[in-house]
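**Q** coords below, sequence missing:
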DNA sequence: TACATAATTGAAAGCGCTTTGGATGCCACT
DNA sequence: AGTGGCATCCAAAGCGCTTTCAATTATGTA
């Protein structure tokens, strides 16, 4: 069943039927109802490909999903996607997901954009000096970046959390508790959020004349295994750190395993603050020792970015081009005074 | 830059250029090279919408993502998607994800199919007597189901794991260890896998003249909170169960918290076997007491289903229409002899 | 009554691609 | 010379929709 058939069935022109369906004012209400009823009865649905070809609009948001045989799936990605979806479903938008090798992000993004399959792009996993930004700007397709790109003029639409302040504040709390030996379990070193969080920590330490040593820094993918490995390394140092900043509750999961295995007590021997993306699976309050965290909901960010993207496509109300969300510092039981040793 | 412009630039017809690009044999090799070179230089990319309208093929797989404001994101979904993606990227396929309210799965699926946006459908979260099957069959669009639909003639393409045998075997192991009081922490009661796992357990118990009481059964969404709640309930029973079968490591996470909080020892006071979807975040061997599990990789299933879907669309080699994967029963430390009390 | 105006509806031209059904020229073969 | 076959190439017809421009009818005004 297509427009032509439907219009013949109704004894109307394709034009009128099309107008009736798309809510144009110049069509008689009686006819519109007749059309709508026929649509119900026949189950007619416009062909999206044709619609897109005619209008240029696709009603879809494109994103690249990094994936490869060895590449571990990322809960953060899924959580964010859920947020995007929550908003998209309200506007009858869908996603086009292009799976791509993490090494070919630029290419994948370009292919997605040029394919004509999407109206707007969403970009995540931002790096320092990210090469995708130049490409995106040259593309004349709306986009919103989740995160920012360190070292690049911030003249593009983004939504980011204030990573630097988050870890600065977290470090300050631990400093006030008397800690002086810090360690950082961070995400991959080239990613923007990792750079900023590290900077935040270093700034806070610097104010007290302290430094963050290489020994006490780990940059890894954010899995619990890597958390375990990193923490084991820290615990074997002669000058064992007592204060740990951790970029994800996923890393914390492994880190805490290591702490327990070493027979140490979290919140006493070791204080730990993790960044909490509000993953439903890893609630900080559910850890055996509830976790002190810097918190910002990944899903909420997804909803917000979808809002901005969709309203841009629909040319609706103006949204701020740049948003920087504060994180919350929530104190629970994994932080305590520095041990007297 | 479109086909017309490109062909004018080359002094060729659109026909020839199109054929050159799509590998048709009736074009002079010299001309083809000329075309290919021009494509490189101009950066021309065919418009997918037009291509699709003309061919009917979209190079994409459609799936419905259940989502709603209160709806918690599901790690299982993300993990499966990663598997699909891993395979799709090899064939330059992408996904069209239609977010939809969990109550409107049928409608969302139909809309997705009729939209003309996808070549094939993937369907998950199967229920008993699932109404989507009739719809899918009437659709004349290739599809593969992950799971099956209990109570329906299995005459559709599916990939499932042998849930019944998995839990039957798991229960047998616990019976051999002397357990007689069983409990089941299952997924939502209407879902196919939940029905089958329950049946497997009941069958094993039946052979020993045992029954599964309602008190000792919980059907919930598979989050760690629900696992905690269910286990707390079980532990307060007069005749406390000593053997727990658990449909997900996510549920197990909460369940084990409850066990610990009650001051009981996993593997001694309480034996637990969980089904392990091989989620990177929840490795059974990383639990404080490593978990005995029935195992089957969700991601591998995703890869396989993508293979079948894509090869069907490309009309390539024949794949079996129906696959039933065995699960592995892997014994670790969360199971032990029934306590003598 | 005549004419301007508003309210409806349609015909047809695209959107950018694939593909059918010829053309055209060149060669070998009878 | 005449014919069939082959290798190349092209014109034009769709695919199913939106939208411009124009036509028709109904309504109101002078």
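**A** Nice, I can see it. No experiment lies behind these values; they were computed from the predicted model shown.

**Q** quick check: mean pLDDT across whatever helix or strand residue A:307 lives in?
**A** Here residue A:307, judged by DSSP states H and E, is contained in helix A:298-313. The predicted model assigns helix A:298-313 a mean pLDDT of 93.

**Q** Indicate each strand paired with the helix or strand that that helix is followed by and its parallel or antiparallel sense.
**A** With elements assigned by DSSP H and E, the helix or strand that comes after helix A:298-313 is strand A:322-325. The strands beside strand A:322-325 in its sheet (DSSP bridges) come out as strand A:158-161 (parallel).

**Q** Check the offset of the partner strand from the chain's centre.
**A** Computed by Cα atoms, centre = their mean, to the nearest Å, the separation of strand A:158-161 from the middle of its chain amounts to 9 Å.

**Q** Repeat that for stretch A:214-227.
**A** Using Cα atoms, centre = their mean, the distance from the centre of stretch A:214-227 to the centre of the chain it belongs to is 20 Å.

**Q** Next: stretch A:114-126.
**A** Centroid separation for stretch A:114-126 versus its chain: 14 Å, with Cα atoms, centre = their mean.

**Q** so does it get close to DNA strand C?
**A** No: against DNA strand C, stretch A:114-126 shows no contacts by Cβ under 7 Å from any atom of the strand, the least distance being 7.5 Å. For glycine as for every other residue, the C-beta is placed from the backbone atoms N, C-alpha and C.

**Q** Is that stretch positioned near chain B?
**A** Yes: with Cβ under 8 Å from any Cβ of the partner chain as the threshold, stretch A:114-126 lies in contact with chain B, specifically through A:114, A:115, A:116, A:117.

**Q** nearest residue to the residue in the stretch 1-150 of chain A positioned nearest to DNA strand D other than its sequence neighbours?
**A** Relative to DNA strand D, the nearest point of the stretch 1-150 of chain A is residue A:3 (2.8 Å; Cβ to the nearest atom of the strand). Distance criterion Cβ to Cβ, 6 or more residues apart in numbering or on different chains; nearest residue to residue A:3, sequence neighbours excluded, is residue A:14 at 5.1 Å.

**Q** Can you report how many residues lie near that neighbour?
**A** Here the neighbour count serves as a burial measure; for residue A:14 (other Cβ atoms under 10 Å in any protein chain shown) it reads 14.

**Q** Then residue A:145?
**A** Close neighbours of residue A:145, defined as other Cβ under 10 Å, add up to 24.

**Q** Just the element for residue A:293, please.
**A** Assigned by DSSP H and E, residue A:293 belongs to strand A:292-295.

**Q** Check which strands are paired with that strand and give the direction for each one.
**A** As assigned by DSSP bridges, strand A:292-295 forms pairs with strand A:271-276 (parallel), strand A:328-330 (antiparallel).

**Q** In JSON lines, list the ones you listed along with distance to residue B:182 and mean neighbour count.
**A** Listed next are those as JSON lines, based on distance: least, Cβ to Cβ, whole Å; neighbours: other Cβ atoms under 10 Å in any protein chain shown:
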{"stretch": "strand A:271-276", "distance to residue B:182": "36", "mean neighbour count": "27"}
{"stretch": "strand A:328-330", "distance to residue B:182": "40", "mean neighbour count": "15"}
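
**Q** Dump those to a markdown table, plus mean pLDDT.
**A** Output for the strands paired with strand A:292-295, formatted as a markdown table (pLDDT from 0 to 100):
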| stretch | mean pLDDT |
| --- | --- |
| strand A:271-276 | 98 |
| strand A:328-330 | 98 |
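
**Q** Ok, which of those strands comes nearest residue B:268?
**A** When the strands paired with strand A:292-295 are ranked by distance to residue B:268, counting by Cβ to Cβ, first place goes to strand A:271-276 at 29.7 Å.

**Q** how distant is the closest one from the center of its chain?
**A** Here strand A:271-276 shows a centroid-to-chain-centroid distance of 19 Å under the convention Cα atoms, centre = their mean.
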